[in-house]
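Undergrad: sequence first, predicted coordinates after that:
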Amino acid sequence: MLEASPADSDPHGSVSLLRYRLAILARAPDAALAAIDRAPPWLVTRWEHSSVPRSLLRGQALAMKGDAAGARAALLEARPQLEALLDNPGAAVDALSYLGMVHAGLGDRQQALQAGNA
């Protein structure tokens, strides 16, 4: 079914996100990166009903690939994008969740725990 969905008709990135998640589950980081290559900067999740920054997903895939420098750069890009949402009551919970992932990916264990406990 995902193959039948054209990559250029995904304005919210939901299909790209599904392709990304399948590739991550298959331990195929190059396929995951390709899945989000043309996705919008923020991808809408299907089940969580939130938006995740493409830079966070890119950082996770690059980390899986073993590209520590690339992963760090992508996660550092995601951090201010998420921090900007913390003052928005409708988006803060999701932002904190994703921010915890960013901090964990950067090796900031204490900050990751604080984001998870906020």
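TA: The structure has been received and is ready for your questions.

Undergrad: in the helix ranked longest in the chain, what's buried?
TA: If you go by DSSP state H, the chain has its longest helix at helix 68-83. Judged by neighbour count (16 or more other Cβ atoms under 10 Å), helix 68-83 contains these buried residues: 70-72, 74-75, 77-79, 81-82. Where C-beta positions appear, they are placed from N, C-alpha and C, glycine not excepted.

Undergrad: from the chain's centroid, how far away is that helix?
TA: Computed by Cα atoms, centre = their mean, to the nearest Å, the separation of helix 68-83 from the middle of its chain amounts to 10 Å.

Undergrad: just the angle between the next helix or strand after that helix and helix 68-83, please?
TA: Using DSSP states H and E, the helix or strand that follows helix 68-83 towards the C-terminus is helix 92-105. With axes from the mean of the first three to the mean of the last three Cα atoms, to 10 degrees defining the directions, helix 92-105 sits at 160 degrees from helix 68-83.

Undergrad: can we start the residue count at 690 from this point?
TA: Done: numbering now begins at 690, and the last item shifts to helix 781-794.

Undergrad: contacts for whatever helix or strand comes next after helix 781-794?
TA: The first helix or strand that comes after helix 781-794 along the chain, using DSSP H and E, is helix 798-806. With contacts defined as Cβ atoms under 8 Å, 6 or more residues apart in numbering, helix 798-806 is touched by 785-786, 788-790, 792-793.
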